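**Student:** Make a model of this:
(chains A and B)
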Number of protein chains: 2
Amino acid sequence: MSSQMRRIALARRPTGLPVPEDFAFETGPVPKPEADQVLVEVTHHSLDPYMRGRMDDAGSYAASLALGETMIGQGVGRVLASDVEGIAEGDMVTGMTGWASHAVLPGNQLRVLDDSVPATTALGVLGMPGFTAWKALEVYGRPKAGETLVIAAATGPVGATVGQLAKAAGLRTVAIAGGAAKCTLARDSFGFDAAIDHHAFDDARSLRKALAQACPDGVDIYWENVGGKVLEAVMPLMNVGGRVPVCGTIAWYGGGSSDKLPQIWRTILTKRLSVNGFIIFDHWDGFPAFLTDMTPRVAKGEIAYLEDITEGLENAPETFIAMLTGGNTGKTIIKV
Amino acid sequence: MSSQMRRIALARRPTGLPVPEDFAFETGPVPKPEADQVLVEVTHHSLDPYMRGRMDDAGSYAASLALGETMIGQGVGRVLASDVEGIAEGDMVTGMTGWASHAVLPGNQLRVLDDSVPATTALGVLGMPGFTAWKALEVYGRPKAGETLVIAAATGPVGATVGQLAKAAGLRTVAIAGGAAKCTLARDSFGFDAAIDHHAFDDARSLRKALAQACPDGVDIYWENVGGKVLEAVMPLMNVGGRVPVCGTIAWYGGGSSDKLPQIWRTILTKRLSVNGFIIFDHWDGFPAFLTDMTPRVAKGEIAYLEDITEGLENAPETFIAMLTGGNTGKTIIKV
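**Tutor:** This is a model prediction of the structure:
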């Protein structure tokens, strides 16, 4: 056991895309658990786009991080000390550890992991991203066999799971991804029927032409991960009664502009679209049902997943920044 | 009975706001009904914003009007000749007569009017606008007592009915209307708790300040009739879980621009909004239930309505153009 706790704190609020100076690497004594608490040695922590929102002063989903506070996030790790019933030293657990080497958490905020699947799956395909895909596709996507689904960031942990679940439900699935390698991955590993490299198109209009070819029956579900050029390209292709679950607008997290509001608003009207923003935390009571359904499917290899693991807590800021601009391939994880 | 049929035809496709030259006033022989048809002398016809969409070549709700075709629209009138069972000479009926002095329609496309209310109510509060308010408020607005509803074009036939139904359901209702007279009307005749004159504000930001004062608990339902400045003003005030039924975007029917797509898309996400476009024709099977509920409420004066009647079929184009820019007060009707 290391005698020092290492952590990454919020040093400064970013404007637009974060830069390394917005983060501080800090060390201090390993915290001691009190009654009903557990000390965890974090082996891996997750990097997710939602964390960018928490760095702002206000206006996002949840309370902002304070300056100096440890960056928020889910981790997995090994229990070093516990006086909580049902959690023993040596157990692998998951919880909101933050970007840190150690965390002390109340026992009721930790979950002991199922050992039929690797522990890191709790951060991706069997964690928040996988649950987001599983639950919101059902609630907001309302997929029907024979329909067409389009999704960008299609090789990310949400996108890859949405694509596979939609395919399993009998839909045509069309991936948008950045670069030829990710397109190949989308088709070969995640079973998308078609994959389009958005880097190959300068503007929404040319991207739309390629999409129209890949979607001969139009688009019934556009799973919104990105906003920007992709949104502008897809909307005119939507079918009447289409659904747009709004999961993220990552292309605009660092600013950006679009003058297409009148056209998109009118498309919502004329195509009778259902556009629904959501955050998965509102649906958390469905998580046990998700694990029951998905754990065996992942264990059997029916649902594929991909992890992009970077070693070293000190590399978390740069890895996070790269992820926000599409530099990752698969679920982004830091091996602490 | 006039020996000539008069009608207004689509002469040219407008670009943006229509101009008088886009319409042609034409005369011809009165058509003769065939088997199962009814000849109607139109006494009044309706003018509605949706008609603007039908003048375009494509891309709106429904098939475009052909050049030379009579402008589409609902009318009420007296039966001159009928060999349809249940429809007798002299009956007052309603149907899609178009902008015309006479119409021949199949008997099954006409409805004989209830004489407990004036015939013209079939064009407004007890017609498509009233049904739009009644049905879509329930399905897409999902009002709950204690919530706040904001609606623009609040003295129009949809807006006035939405406001009264929401108020009856226990909501705080806030009107946006053009001019002090319409604001007074909204409060005094339609019972809105507050009314804001959008002409008094140059930009979305200043309009938002006034709205924020009128909505101390935020906005739960924004009924979208207009788009434009009002949309930009309201969206940041939406509460988590808010609903935005998209009924029209009249501010943008003649073009217009907005660079606020990224902000509005992000608000949909962070506030978990449900934005639903709809056209009321998709819900037509609910029309009989609407009439059963609303006819007595209108007959008793529980639901107020206001008609803006212009005399003379030849004045329909200019009245229509004025309506598209807010020149009407109440349900716009032409007395043929």
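**Student:** switch to C-alpha atoms for all contacts and neighbour counts from now on
**Tutor:** Fine.
**Student:** Buried residues of the helix or strand bottoming out on mean pLDDT in chain A, list them for me.
**Tutor:** Lowest by mean pLDDT, DSSP states H and E among the helices and strands of chain A is helix A:50-54, with a mean of 88. The neighbour-count check on helix A:50-54 (16 or more other CA atoms under 10 Å in any protein chain shown) flags A:50, A:52-54 as buried.
**Student:** for chain A, what are the low-confidence residue spans?
**Tutor:** For chain A, residues meeting the criterion pLDDT under 70 lie at A:1-2, A:58-62, A:254.
**Student:** So which residues of the stretch 1-150 of chain A form strands?
**Tutor:** Counting by DSSP state E, counting those that start in this stretch, the stretch 1-150 of chain A has strands at residues A:4-10, A:23-29, A:37-46, A:75-82, A:92-95, A:102-106, A:111-112, A:148-152.
**Student:** partners of the fifth one in the sheet?
**Tutor:** This points to strand A:92-95. Strand pairing for strand A:92-95, using DSSP bridges, gives strand A:75-82 (antiparallel), strand A:111-112 (antiparallel).
**Student:** Format the CA atom coordinates belonging to it as PDB.
**Tutor:** What follows is strand A:92-95, C-alpha atoms only, in PDB (Å, rounded to 0.1, in the frame of the first residue of the first chain):
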ATOM      1  CA  MET A  92     -13.200  -5.400  -5.800                       C
ATOM      2  CA  VAL A  93     -15.700  -2.500  -5.600                       C
ATOM      3  CA  THR A  94     -16.900   0.500  -7.700                       C
ATOM      4  CA  GLY A  95     -18.100   3.900  -6.600                       C
END
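**Student:** name the helices or strands packed onto the helix or strand hosting A:Gln263?
**Tutor:** Taking DSSP states H and E as the definition, one finds A:Gln263 inside helix A:261-270. In terms of contacts (3 or more CA pairs under 8 Å, 6 or more residues apart in numbering or on different chains; DSSP states H and E), helix A:261-270 is packed against strand B:274-277.
**Student:** List of residues touching the strand it packs on?
**Tutor:** A:268-277, B:140, B:241-247, B:268 (CA atoms under 8 Å, 6 or more residues apart in numbering or on different chains).
**Student:** same thing but at 10 Å, please
**Tutor:** A:140, A:240-246, A:265-278, B:136, B:139-141, B:221-224, B:240-248, B:268 (CA atoms under 10 Å, 6 or more residues apart in numbering or on different chains).
**Student:** Please enumerate the helices of chain A.
**Tutor:** A:50-54, A:128-136, A:157-168, A:180-188, A:204-214, A:228-234, A:261-270, A:287-299, A:316-324 (DSSP state H).
**Student:** Please report how far A:Glu34 lies from chain B.
**Tutor:** Using CA to the nearest CA, to the nearest Å, A:Glu34 is found at 35 Å from chain B.
**Student:** quick one: contacts for that residue?
**Tutor:** A:82-83, A:104-106.
**Student:** I'd like those residues as a markdown table, with neighbour count appended.
**Tutor:** As requested, the contacts of A:Glu34 are arranged in a markdown table below (neighbours: other CA atoms under 10 Å in any protein chain shown):
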| residue | neighbour count |
| --- | --- |
| A:Ser82 | 24 |
| A:Asp83 | 16 |
| A:Val104 | 22 |
| A:Leu105 | 19 |
| A:Pro106 | 16 |
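**Student:** tally of neighbours for A:His198?
**Tutor:** By other CA atoms under 10 Å in any protein chain shown, the residues close to A:His198 number 22.
**Student:** swap in A:Asp285?
**Tutor:** A:Asp285: 9 neighbours (other CA under 10 Å).
**Student:** and it, what does it touch?
**Tutor:** Neighbours of A:Asp285 in contact, by CA under 10 Å, 6+ apart: none.
**Student:** sorry, back to before: the least confident helix or strand of chain A packs against which elements?
**Tutor:** On a contact count with 3 or more CA pairs under 10 Å, 6 or more residues apart in numbering or on different chains; DSSP states H and E, helix A:50-54 meets helix A:316-324.
**Student:** which one of the strands of the stretch 1-150 of chain A lies closest to B:Lys32?
**Tutor:** Among the strands of the stretch 1-150 of chain A, strand A:148-152 comes nearest to B:Lys32, with 48.2 Å by CA to CA.
**Student:** Quick check: which helices or strands does that closest one pack against?
**Tutor:** helix A:157-168, strand A:172-177, strand A:194-197, helix A:204-214, strand A:219-223, helix A:228-234, strand A:238-246.
**Student:** Within its sheet, name the partner strands of that strand and how each one runs.
**Tutor:** strand A:172-177 (parallel), strand A:219-223 (parallel).
**Student:** I'd like these as JSON lines, with mean neighbour count appended.
**Tutor:** What follows is the strands paired with strand A:148-152, written out as JSON lines (neighbours: other CA under 10 Å):
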{"stretch": "strand A:172-177", "mean neighbour count": "26"}
{"stretch": "strand A:219-223", "mean neighbour count": "27"}
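**Student:** buried subset of the contacts of strand B:274-277?
**Tutor:** A:140, A:240-246, A:265-278, B:136, B:140-141, B:221-224, B:240-248, B:268.
**Student:** Next, work out how far apart the residue of chain A most remote from its centre and chain B are.
**Tutor:** In terms of distance from the mean C-alpha position of chain A, A:Ala35 ranks first, at 33.2 Å (CA atoms, centre = their mean). With distances taken as CA to the nearest CA, A:Ala35 is found 36 Å from chain B.
**Student:** Setting the sequence-adjacent residues aside, check what's closest to that residue.
**Tutor:** A:Asp83 (6.9 Å; CA to CA, 6 or more residues apart in numbering or on different chains).
**Student:** what sits against that neighbour?
**Tutor:** For A:Asp83, the contacting residues are A:33-39, A:89, A:107, by CA under 10 Å, 6+ apart.
**Student:** quick one: contacts for the spatially most central residue of chain A?
**Tutor:** The centre of chain A sits closest to A:Pro129, judged by CA atoms, centre = their mean, with a distance of 4.5 Å. Counting by CA under 10 Å, 6+ apart, A:Pro129 touches A:48, A:122-123, A:156-162, A:280, A:331.
**Student:** So which of the residues you listed is the closest to chain B?
**Tutor:** Closest approach between these and chain B, by CA to the nearest CA: A:Ile280, at 10.0 Å.
**Student:** what about the residue lying closest to that closest one once chain neighbours are set aside, distance to A:Val30?
**Tutor:** Of all residues not flanking A:Ile280 in the chain, A:Thr132 sits nearest, at 5.7 Å (CA to CA, 6+ apart). Distance from A:Thr132 to A:Val30, counting by CA to CA, to the nearest Å: 33 Å.
**Student:** Pick out whichever of these two has more residues nearby.
**Tutor:** Counted by other CA under 10 Å, A:Thr132 and A:Val30 do not tie: A:Thr132 has more neighbours, with 27 against 18.
**Student:** Just confirm the more buried one contacts A:Asn225, I think it does.
**Tutor:** No: between A:Thr132 and A:Asn225 there is no contact under CA atoms under 10 Å: 11.5 Å.
**Student:** My understanding was that A:Gly327 contacts A:Thr155; is that so?
**Tutor:** No: counting by CA under 10 Å, A:Gly327 does not reach A:Thr155; the two are 11.5 Å apart.
**Student:** what touches both of those two?
**Tutor:** Common contact partners of A:Gly327 and A:Thr155 (CA under 10 Å, 6+ apart): A:Gly178.
**Student:** which of the two has more neighbours?
**Tutor:** Between A:Gly327 and A:Thr155, counted using other CA under 10 Å, the more crowded position is A:Thr155 (30 against 13).
**Student:** ok so, going back, pipe the contacts of A:Asp83 into a markdown table and attach distance to B:Val298 per row.
**Tutor:** Converted to a markdown table, those look like this (distance: CA to CA, whole Å):
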| residue | distance to B:Val298 |
| --- | --- |
| A:Pro33 | 68 |
| A:Glu34 | 67 |
| A:Ala35 | 66 |
| A:Asp36 | 64 |
| A:Gln37 | 64 |
| A:Val38 | 66 |
| A:Leu39 | 68 |
| A:Glu89 | 72 |
| A:Gly107 | 61 |
